[in-house]
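> Build the 3D model from these lines:
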Amino acid sequence: MPEAEFRSLYRRLREQALDGTDHGRGALGRLTPERVVAAAEVRCGRTVSLAAPIETRPGPDNPQPASHEMTAPAHREADAHGLRFALDRFAMNVHGDADSHLDALCHVMFDGELYGGVPASSVTPDGAGALTLDLVRDGIVGRGVLLDIPRLRGVPWLDPGDYVTADDLVAAETAQGVTVGAGDLLFVRVGHRRRRRSLGAWNAAQARAGLHPEAMHFLAERRVAVLGSDGNNDTAPSVVTEVPFPVHVLAMNAMGLHLMDYLDFEELVPACEQLGRWHFLCVVAPLRLPAATGSPVNPIAVL
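Residues are numbered from 1 along each chain as shown. Next up is the predicted model:
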């Protein structure tokens, strides 16, 4: 896709996003209380995490892994008489290529702006001043829908560099008997986690499966509230000249969609297959970091 064509798509999706349901929260404005109530259709009460375990060892896709250290008890202190506490400290590069995380709307700057025309200069070395993680301080709760593209194509995973089209998303709806609707939390499986576990980690920054930018028309038409994937959502190498992360730009900067990257659907898929049901109540609870651009996240599907 030439850059000029991408920019035309960007302008169209940005205009569509300004539909009066924003209320300062981007596409989350579509997640009304009525839609949250309607999403609470729980059948068997099973809960499934959609996050991968946080990794603390470096790898080809994780050169700066999270650090976890015990700060107490000291050596042999645990055996001492009386009360003692185990204490630890955690640090993380939130926007990496291995750990499950949520991107706040201030994460993507394009042509000097954030979503809604907010100046990118509102993000400073001291933190972000607008469209921060604070927008989701009360969590995200709604109807989650999983569209499984490798299942549709009859393969275990999409190879790095492959991409999901709008036609794929429509075909997956038909094959799975589900329809994506307004206010839904859309999850698109490309099989990244299964490939990683089967073949080992690789440099996902250079090569990965994701969505084609044109697929964002589908999300705009269905008026979804959130997009998540078991990959980065973006294909690498990028299909757009001079724009490395076109889906991030379109979803977050043009459409106001919060993204969740590098989730894990490998436990969710068999649960959905067993129930014959590809939608579920989903609860997302990021950390409360008011000026942050993102957070580690553990979405929970309630089936």
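
> Can you tell me what sits against the top helix by length along the chain?
Ranked by residue count under DSSP state H, the longest helix found in the chain is helix 3-17. Residues from elsewhere that reach helix 3-17 (Cβ atoms under 8 Å, 6 or more residues apart in numbering): 26-27, 110, 213-214, 216-217, 220, 240-243, 246, 249-250, 253-256. From N, CA and C alone the C-beta is placed, and that goes for glycine too.

> which residues does L31 contact?
By Cβ under 8 Å, 6+ apart, the contact list for L31 reads 140-142, 183, 225-226.

> sorry, back to before: what average pLDDT does the longest helix of the chain get?
Helix 3-17 carries an average pLDDT of 93.

> hey, C-alpha coordinates of that helix in PDB?
Below are the C-alpha coordinates for helix 3-17, written out as PDB (Å, rounded to 0.1, in the frame of the first residue of the first chain):
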ATOM      1  CA  GLU A   3       1.800   6.000   1.700                       C
ATOM      2  CA  ALA A   4      -0.600   8.300  -0.200                       C
ATOM      3  CA  GLU A   5      -3.300   5.500  -0.200                       C
ATOM      4  CA  PHE A   6      -2.700   4.900   3.500                       C
ATOM      5  CA  ARG A   7      -3.200   8.600   4.300                       C
ATOM      6  CA  SER A   8      -6.400   8.600   2.400                       C
ATOM      7  CA  LEU A   9      -7.600   5.600   4.400                       C
ATOM      8  CA  TYR A  10      -6.500   7.400   7.600                       C
ATOM      9  CA  ARG A  11      -8.500  10.500   6.800                       C
ATOM     10  CA  ARG A  12     -11.700   8.400   6.000                       C
ATOM     11  CA  LEU A  13     -11.500   6.400   9.200                       C
ATOM     12  CA  ARG A  14     -10.700   9.500  11.300                       C
ATOM     13  CA  GLU A  15     -13.800  11.200  10.000                       C
ATOM     14  CA  GLN A  16     -16.000   8.100  10.600                       C
ATOM     15  CA  ALA A  17     -14.700   7.900  14.200                       C
END
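
> Now find how far off-centre that helix is within its chain.
From the chain centre to the centre of helix 3-17 is a distance of 21 Å (Cα atoms, centre = their mean, to the nearest Å).

> in it, what's buried?
6, 9-10, 13-14, 17 (16 or more other Cβ atoms under 10 Å).

> before we move on, the earlier item: of the contacts of L31, which belong to strands?
140-142, 226 (DSSP state E).

> Grab the most central residue of the protein for me.
M260 (1.1 Å; Cα atoms, centre = their mean).

> Just to check, it is in contact with V284?
Yes: with contact defined as Cβ atoms under 8 Å, M260 reaches V284; the gap is 7.4 Å.

> Overlap of the contact sets of the two?
102, 226, 297, 299.

> Including neighbour count, could the residues you listed go into TSV?
Listed next are the shared contacts of M260 and V284 as TSV, based on neighbours: other Cβ atoms under 10 Å:
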residue	neighbour count
L102	28
V226	28
V297	25
P299	25
